[in-house]
Every structure is written in C-alpha cells, then in structure tokens.
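1. Sequence and predicted structure are below.
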Amino acid sequence: MENSTQESHHLRSENSVTHESPYPLYAMAVSSSPSRHHNHRIALGSFLEEYTNRVDVVSFDPDSLSIKTHPGLSFDHPYPPTKLMFHPPSSNPSKSDLLASSGDYLRLWEVRENSIESVAVLNNSKTSEFCAPLTSFDWNEIEPKRIGTCSIDTTCTIWDIEKNAVETQLIAHDKEVYDIAWGEARVFASVSADGSVRIFDLRDKEHSTIIYESPQPDTPLLRLAWNKQDLRYMATILMDSNKVVILDIRSPALPVAELERHRASVNAIAWAPHTCRHICSAGDDSQALIWELPTVAGPNGIDPMSMYSAGSEINQLQWCAAQPDWIAISFSNKMQLLKV
Amino acid sequence: MLEISAGVQHQGTIREHLKEQLALAVRNIQWTYAIFWSISAAQPGVLEWGGGYYNGDIKTRRTTQAIELGGGDHTDLHRSEQLRELYESLSGSKSNPQPSRRPSVALSPEDLADTEWYYLVCMSFIFNIGQCLPGQSLATGKLIWLCNAHCADSKVFSRSLLAKSASIQTVVCFQFLDGIIELGTTELVLEDPNLIRHVKTSLLKSSDLKGSEKPDPCAIDNRSKLFDRAIFDTGLISGEAEEGITSLNTGSNGLEPNQQLDDSCIIGELNGVASQLQSWQIQKDEFSYLIHQSGNSRDSISQSFLETGTSISIPNLEKSKDHWTEDLQECNNEELDRVDLRGDGLHYRTILSSILETSNQLRSRSHCECGEPESSFIGWKKGQLKCHRAKGVPQKLLKRILLEVPQLHARSMLDFSGAGCKRDGIWMALKDELSPDRNLSGSRQNEKISEQFCVLNAVVPSVKKIQVDKVSILDDTIEYVKELQRRVEELQSSRISSELLAISGGKPQESTERTSDNCGNLRTGLGKQPVAKKRKAHNYDMTDTDSNYLRDGPIDNLSVSVNDEDVLIEMRCVWREGVILEIIEALSHSSLDSHSVQSSTSDGILSVTIKSKLQRSTTTKTTAASIKQALQGVAQKC
C-alpha cells in the first residue's frame, strides 16, 4: 500500500488534513449536503469548562486537501455542546444548511454564507425554567423533521422541528440516558447509565425492547451507533472498556461480536456509511481502527483491518455519508480528516 | 501452418487421453489427485489448468442410476467431471447467472469434501513460469517434491493454505509433455524416485501418441535419473524461500537444493506477477461489486472465493514486495493463524473469502486510482510498535461531556430558577402542543422535586446562601434540624432543673419566689450571651465595692466576693442533677442566705450566680475562702 516508511505510524501529512483549533474540541459534525457555493462544512464545538463555549464552522476542500476557516461562521454556546449534527441529506438541496446543537436545550441554527443565525431553542419544560440538560440527540434521516433527544432525567424527547414542538416524550430508562440513535422513521434505540440498550417504537410507546445489558450490572453504556446500511446491527461502548460491542437486534442479549483490540478505552464509534460491514472506532490509545465484520468469527476474535495513530487520545469520530472516503477525528484541539 | 494446426490437434487428442492417463497414474500410486498444468494458449508463459483427475474422498455422491451402474471407472471420472462442471458454473457466472439452471444431479458447494474443494479451487489457479511449484518445475525442468505441503511457505507453494484445509501433505510436480503434472496426496510420503518413475512409465505406456511428439521414453527415463531433486521440507522451506527470493535473508543455509533456485529469475518473475496484480485487481473489483450486488448467498461466496482464489497468492506477494524483512514471516503466519481450520469446508471458505475481499477492497482502491492520495490508514499488525498508554482517567472527555456538563447546566439553571429571573436570550418554545398520550409522570415529578428543593433552600439558614446542589441542600437541612433538636432538648432540660429547684423548697423561702423570678431569667438566659452580659455587669459593679471586697482572682470557675454582708458568688461547674441545690446547701452551711440565684446551663456546664447575705447569727467567721472551699467541694463532686 504505502511505499513510504512502514515505521511511521504517526500523522501522515500527505494523506490527512489537519485543522488546529484555539481550544480543545469535542463535538463535531460533517455536513451531508454540499452545495455549489461551498465545500463540505464541518462544525466544531469547543470543550471549555466554563460558560462561554464556541462552535466554529470550517469548510473542507477535498481537491486541494485544505481546510478553511470562516470568521463569520461561528457562534457562542453555553457550556460545551454535547453534540452537533447537520441536517441529513434532503431531497431539497436548496434548503439552507441547518445545524443542531444540544446542551442545555436543543438549538437549531441556520448556517448561511457568512453568518449563522439562531433559528430555534427548543425547551419542553412548561412550568419552570428547569429543563433537564441533553446528553445527545439524533436527527432522523428518513423523516428529517424528527429529532430525538436524550437527557439526564431518564427521558427521551422526540421533537417535530417543523412545528418546533414536542411530538412525544418517553421515560426511556431507569437512569440517565446517554445516547440515542434512529433506526427507521419511527424506531429509535437508546443507551443509558443503567447499562441497557433499548429499542422504542413510536407506534407502541408503552413497550420497549431490551436488546442488550452490560455484563457487569449497571455499567453505563456511553455511546450507540446504528448501522444505517444494515439495520440489524448496532454497536455500543461501555464505560471504561476497550471493547466495542456489536449487537444484532434479532438476537437480543447476546452480542454478535466484541471487538477488543484497543489498548485503552474506546471513545467513539461510527459505522461506515457506504458499506454494511465496516465500522470505525477510536479511543484513548490514540488509535482509530477500521474493522470489517466477517460472516463468521475466528476463535481469537476479530482483528481490525487497518489502523491509524494520532497524536493523543481521540475523542470524537465522524464518518459522514457525503464523504465515505474521509473519516473525521478530533483529539485535543486538533481536527483531522483521514483518507480511508 | 500445418504443423501448428497439427500440433494443436495433437495436443487436443492428448488432452482427451490425458485424463485417463492421469486417472490410471493416480490410482496406481493411490494418491489423491493429479493435475495437468499446461501452457496457456491465451497467455504464453503462463501455466493453467489443463485437466485433472480426482481420486480422493467424496463427500456426497450425486449421480444418476445409469452412471452408477456404469462401473467404478466411470464413477470416478464422473466425479472429476462433476467437479469441473461445478467450477465452470461457479466461475462462468457472467455467462450463466442462474445457477439453478444446473441439472439436479450437479454438485453444489455443500456437497464437497475438503479435498474436493482443494481440487476445485486449483482449477482457478494460474502460474507464471518460475512461480510456485508448477512454475518452478517448468522453469527448471526438475522434479519438485514437496513434503508437508500444508506447512509450506506460500511463496513456494501458494496453495499451502488450501492444502492445510484439505490436509494435502505431499505435492509433487514434474514436467510432462509440454506442461507440468502435479500429484498430490493427503498422506505424507517421503520422496521416492521410484514412485515417480513408475508414474511416468505408466503415463507413457498409456499414451499411444507419445512417441511421435516427445523424445523417446528412454530419454525421459534418463532425465528422471539425472533429476536433481529439490527436497522441500517444513523447516527448510522458509529458509530456502527467503534465501532464494529475498535479498535480505537472515536464515542460515548451505543447503544444496538452494543453489538450484534461480534468484534473479524468481525475483523477476515476482515483479512480473506484481505487475499483473493490477489487472487482476481490476477484475476483482468487478467481481467484488457483483458479490455485493448478489447478496450473501452461498453461491456468491463461492464465486467470490473462486475469483479471488486466483489471487490467493496475491496478498502475500504484495506484502513480500513491500516488506522484505521479518514482516514477511509474520504476515504469512498471520494468515495461517487467521484461517483457522475446522472440519467445515464452508466455514473455511467464508473466512477466506471475507479476508480476501477485505484486503482487495481497500487495496484495490489505492492501487487503481493513482492520482488520489493514499490512505491514511495502514494495515493492522499484531504486536503494535507504538503503544500509547492513556494516563489518567479513561474516557475523560466523554465522561465529562456526559456527566459533568449536564450538571453545570443544572446548577446554573437552579440558580436562576431560585432567583426567579429569566436568563438572557432564552425564550420558551412557541407552543406546547403535546399529544395526549405523552408519558410525563417522571419528568413532572422531577420538576416538583426541584421546586421543593428550592423552597427548602430558602428556609434553611445556611452559611452559603447560593445553594443549588441538591445534596448540599439536604446536608444543610439535616444539620439545621439536628441543631434545632438539640436546642429543644436543652430548653427542656433547663426547664426541668429549674422546676426541680422550685419544688425542693429549700431553706431560704425567699428563694422560692426568687427562683420563680429566676425562671423568667432562665428563659431569657438562653445562650451564652445574656450570661456573659450579666457577668460583665456584675464585674462592673464589683469595681465599686469598698474594702471588704474580696474578689477572687481571674479564675472563671469560682469567684466569691464579699461586700459587707452581701456575698456574690459566681461559679461554673459541670451540671448534674441537683447541683444547684447542693450549692445552696453549701452556702447555707456557710451561714449564707441566698436570696437570688441565676443560673444557666450550656453544653452541660452550669453557670450560676448567687447573691446571698451573711447570717447575722454566725458564730464562725465566714470568709470568702471558706465559702470557696465549700463550693469547690460541691463542684468537684461529679
């Protein structure tokens, strides 16, 4: 593959594109619909343990392999945004780019050419000011007016952003809900501090299906990713664990595979948007591993297909459908785009 | 022209007989299979499948009755033909996309034993001259006898993985006619030149047309005698292969067979092979694409397997091209490890196909598209060189985002909600159109709870007024309640003691009344401050006394001051039941009439101030010292 040094496991400046930010980064989103006017946009959320945090939008040019910052495309955010996400690809490309952020509330922003305007702040608490802060959210790709948010008050809220109103709210778990992912237009799954992965169907709100529970009771599950190419499979990561657990929703309780090749705990996972068998994971060992799930697993476990070593612990990973050739990672205050 | 056509025709007829020849030969020596590799008509310099005979175990027989009755010979030949048909149907899917068109008695992949699969897959192989066993045999013109073929290095024997699954242990290649005959068996047979001679003679005998085309049998026999046999064995293979093929070798060798390998030739050939890789890769792209299209069916797996089977040597060769050093062995071992053998042939196939798909998918992209940047990722290697051990808290940032950041929000929210002011820039959602089936009890409860906490925060007087943490609100509340309880207890106990005092009556009747007054004083005497004030007042008064004034030193516990007939006693001692009574008794023993008693207890310490008058009819001289003595006696009784 590479004719250059096989020793260097570090950043390859010729193959990856790096952007250095003035502050540590956590939340990251890659725009799914580039228009003629601008290249692929990437939103970067800062992580500063104070009230004023910032979200910047940069643009990536895959031809020149460069990242451009736009001073106008930036806004303040109270405390670090826990997640950022662009509007999923819609059939109507003339629609301006919408960016959603979660933190204290779910906020919608319109990313224009040179400025970002706040569109909505969605707060579902009627009586008091107190609305439980959100840990994560997911934008339904099939039904883009739906956004599901999850929060520390054990509930998941489904928003209709066209009406700026709550569609429904469910008590999802016994403890704080840490992540949520849409499967179909009306089906979503969530993970929680109570260690379970549950699937909910909006048509039957009374019941949910537990498809996995962490082996040590009450080990929180921190992140969840649903394979959009093959809806049978989901991946989740546990707290303080170097394992990526692959689940098959048809066979609950028993994971299909446990990918255990990281040398430290895993921080982020992302399924490949264009194939059905590949998943990428990144962790505290500063490695991003791409795995291919075989039809049948060998006895020694599954080995990754390829790997990349970054400069420090990788905190975030995004593999966007609009750019299946590029994986975006963030570590300390850098954001890198890696060619797959 | 005529010669050529005759030659071609000649070859054709030879081919027809070839199978029978091979059949006979193999059955004679009771080996598993025989393959004839012939020079490809399409690609000169390349060996391809020219025919074969399978003599090994058969898993599932699929024959029609007629053929069964035909006799043993026919059945065996039939098997080889069936296998060939299967191969062709699997590989020729472009022309024949519907596998269901195959006749019902045709084989399907599940019916094959491992060795049958090996045989079938061999059909897909092609070799350059000088490549692997058949190629080398052709290039050097020598016989090659490979023992422990399943452990062989993939460069020497590219199908070693296959052989491993099929338990093929011995493979022999030698030149025959214009190609190479390969014989293989599942047993480990040590090299035996007689065997080969036997085979050759049987081949020659069975061929009628041999003589006209080839040198006479004698010449062949002579050649066989002259053959320098290259013996390959497990341990030797690696060493040799490295020596022969790699320029950087670490192995030690003075093996004779070694020198017979032509280094440059082989290296050159490998490079040639590598260049061919590109075209093969492109082909495979199409096939992998087809595979994805056709889904996960077994046929497609077999198909992909076959397609990629041709390049089973490719991953290793690629690696060998790039990593000449010890990586080489590592990779090979890796692949051997990865392909874990089980009895199930299908299992092996799927693993192999997936592995090959893997390596091809990603690599093809980087190979075929030259202009684009190459991948940032490198292939996975076990035993990573750089191990970045994370220090400190694992998943630090992730945990902070999930656990701490929401608390930051919650705290700041509670702050503002307690103060009752709206935060800047936040406005409520436009409308709250809630669907009736909204399940809210949990969150409503939470809201209520938070509200009550705010109330509690306001009621409880705590040092830190801005108390937004629920836990600390509770802590302070607990402390406050405890404090209140203690005070209530104190009050009650003091009340009781003063009542006791009143009930006991005592000598000075006036004291009764006074004590009742004192009760009022007691009540006000809650806390240390009033006592302190009183004491101070007394102290202040005391400075105005005249000469008889005798004041004790700065000892707090006891002070007696005498002023003419008035005696003022202030003392502190550990409170116990009835201690005030004792004090007054002591005083009366000292001929003092107490007319005013003020006392308070705090923290179990009794502070009492007694004003008394000296009794006139006193015989003994009462001095302050004696009073003190008496009182100290009382105080020390604990």
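-> Cool, the structure landed.
2. Okay, now the unreliable bits of the stretch 101-250 of chain A?
-> The model of the stretch 101-250 of chain A has pLDDT under 70 over residues A:125-130.
3. Could you tell me which residues of it lie near chain B?
-> Neighbours of chain B within the stretch 101-250 of chain A, by CB under 8 Å from any CB of the partner chain: A:103-105, A:120-135, A:151-155, A:163-171, A:176, A:178, A:205, A:222-223, A:239-240. Using the backbone N, CA and C atoms, a C-beta is placed for each residue, glycine as well.
4. isn't there a helix covering B:Ala586?
-> Yes. Assessed with DSSP: H, G, I helix; E, B strand; the rest coil, B:Ala586 lies in a helix.
5. what number of residues lie near B:Lys381?
-> 17 (other CB atoms under 10 Å in any protein chain shown).
6. Ignore what I typed, I meant B:Ala625.
-> For B:Ala625, using other CB under 10 Å, the count is 11.
7. sec struct for it, please.
-> Going by three-state DSSP: B:Ala625 is helix.
8. Show me the beta-bridge partners of the residue sitting nearest the centre point of chain A.
-> When CA atoms, centre = their mean is applied to chain A, the residue found nearest the centroid is A:Gln318 (6.2 Å). Taking DSSP bridges as the rule, A:Gln318 bridges to A:Ala328.
9. Return the per-residue confidence for it.
-> Note for A:Gln318: predicted pLDDT of 94.
10. For B:Ala586, which non-adjacent residue is spatially closest?
-> B:Ala630 (4.3 Å; CB to CB, 6 or more residues apart in numbering or on different chains).
11. What separation is there between that neighbour and chain A?
-> In this view, B:Ala630 and chain A are 68 Å apart by CB to the nearest CB, to the nearest Å.
12. Looks like that residue contacts B:His589 (just checking).
-> Yes. Contact criterion CB atoms under 8 Å: B:Ala630 and B:His589 qualify, at 6.3 Å.
13. which residues sit against the helix or strand where the residue nearest to B:Ala586 lies?
-> Secondary structure assignment for B:Ala630, by DSSP states H and E: helix B:624-636. The contact list for helix B:624-636, computed with CB atoms under 8 Å, 6 or more residues apart in numbering or on different chains, reads B:550, B:552, B:557-558, B:560-562, B:567, B:569, B:571, B:573-574, B:579, B:582-583, B:586-587, B:589-590, B:592, B:620.
14. Among these, name the ones in helices.
-> B:579, B:582-583, B:586-587, B:589 (DSSP state H).
15. List buried members of the residues you listed by neighbour count.
-> Buried by 16 or more other CB atoms under 10 Å in any protein chain shown: B:579, B:582-583, B:586-587, out of those.
16. Closest to chain A out of those residues?
-> Nearest to chain A among these: B:Val579, at 55.7 Å, using CB to the nearest CB.
17. Bridged to the residue lying closest to the closest one once chain neighbours are set aside, which residues?
-> Sequence neighbours aside, B:Leu606 is the residue nearest to B:Val579 in space, at 6.0 Å (criterion: CB to CB, 6+ apart). In this entry, B:Leu606 is beta-bridged to B:Cys573, B:Thr601, by DSSP bridges.
18. residues touching A:Ala322, list them.
-> A:30-34, A:40, A:89.
19. try 6 Å
-> By CB atoms under 6 Å, 6 or more residues apart in numbering or on different chains, A:Ala322 lies in contact with A:Ser32.
20. Indicate whether the strand with the most length in chain A makes contact with chain B.
-> As assigned by DSSP state E, the longest strand anywhere in chain A is strand A:66-78. No. Strand A:66-78 does not reach chain B (CB under 6 Å from any CB of the partner chain); its nearest approach is 7.5 Å.
21. Show me what residue of the stretch 101-250 of chain A gets nearest to chain B.
-> A:Pro133 (3.7 Å).
22. That residue touches B:Glu404, doesn't it?
-> No. With contacts counted by CB atoms under 6 Å, A:Pro133 stays clear of B:Glu404, the gap being 10.5 Å.
23. Who has more neighbours out of the two?
-> A:Pro133 (23 against 13).
24. Now the buried members of the contacts of helix B:624-636.
-> Looks like the contacts of helix B:624-636 have B:550, B:552, B:558, B:560-562, B:567, B:569, B:571, B:573, B:579, B:582-583, B:586-587, B:590, B:592 buried, using 16+ other CB under 10 Å.
25. For the residue of the stretch 101-250 of chain A closest to chain B, list the residues it contacts.
-> Neighbours of A:Pro133 in contact, by CB under 6 Å, 6+ apart: A:104, B:406, B:409.
26. What residues does B:Lys637 make contact with?
-> Contacts of B:Lys637 (CB under 6 Å, 6+ apart): none.
27. same question but for B:Ser376, I mixed them up
-> A:12, A:15-16, A:308, A:338-339.
28. Can you tell me the SS state at the one residue in the stretch 451-600 of chain B that gets nearest to chain A?
-> Per CB to the nearest CB, B:Glu451 is where the stretch 451-600 of chain B lies closest to chain A, at 6.7 Å. Using three-state DSSP, the structure places B:Glu451 in helix.
29. Does B:Asp114 touch B:Ala163 like I think?
-> No. Using CB under 6 Å, B:Asp114 makes no contact with B:Ala163, being 10.0 Å away.
30. what bits of the stretch 351-500 of chain B have low per-residue confidence?
-> Those would be B:351-373, B:383-391, B:414-445, B:462-468, if you go by pLDDT under 70 across the stretch 351-500 of chain B.
31. which residues of it fall in helices?
-> B:396-399, B:405-419, B:441-459, B:470-503 (DSSP state H, counting those that start in this stretch).
32. Indicate which one of these is closest to B:Lys142.
-> helix B:396-399 (63.3 Å; CB to CB).
33. how about the closest one: buried residues?
-> B:397-399.
34. quick one: which of those residues is nearest to A:Lys228?
-> Among those, and counting by CB to CB, the member closest to A:Lys228 is B:Leu398, at 22.3 Å.
35. Please tell me how far A:Ala272 sits from chain B.
-> In terms of CB to the nearest CB, A:Ala272 sits 11 Å off from chain B.
36. Can you tell me the closest non-neighbouring residue to that residue?
-> A:His278 (3.7 Å).
37. beta partners of the one you found?
-> A:Glu292.
38. pretty sure the residue nearest to the centre of chain A is in contact with A:Val30, am I right?
-> Yes. Look at A:Gln318 against A:Val30 with CB under 6 Å: they come within range, at 5.2 Å.
39. Identify the contacts common to those two.
-> A:Ala328.
40. what's the distance between the closest residue to A:Leu293 other than its chain neighbours and A:Trp271?
-> For A:Leu293, ignoring the flanking residues on the chain, the nearest one in space by CB to CB, 6+ apart is A:Arg277 at 4.9 Å. Separation of A:Arg277 from A:Trp271 (CB to CB, to the nearest Å): 9 Å.
41. Then A:Val17?
-> Distance from A:Val17 to A:Trp271, by CB to CB: 22 Å.
42. can you check A:Leu337 too?
-> Counting by CB to CB - A:Leu337 and A:Trp271 are separated by 18 Å.
43. try A:Phe188
-> 16 Å.
44. For these two, work out which one has more neighbours and name it.
-> A:Phe188 (26 against 22).
45. Name all residues that make contact with the more buried one.
-> A:148, A:180, A:182, A:200.
46. Dump those residues to TSV, plus distance to A:Leu84.
-> Shown next, in TSV, are the contacts of A:Phe188 (distance: CB to CB, whole Å):
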residue	distance to A:Leu84
A:Gly148	15
A:Ile180	15
A:Trp182	16
A:Phe200	24
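47. now those as JSON lines including neighbour count?
-> Listed next are those as JSON lines, based on neighbours: other CB atoms under 10 Å in any protein chain shown:
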{"residue": "A:Gly148", "neighbour count": "26"}
{"residue": "A:Ile180", "neighbour count": "28"}
{"residue": "A:Trp182", "neighbour count": "22"}
{"residue": "A:Phe200", "neighbour count": "23"}
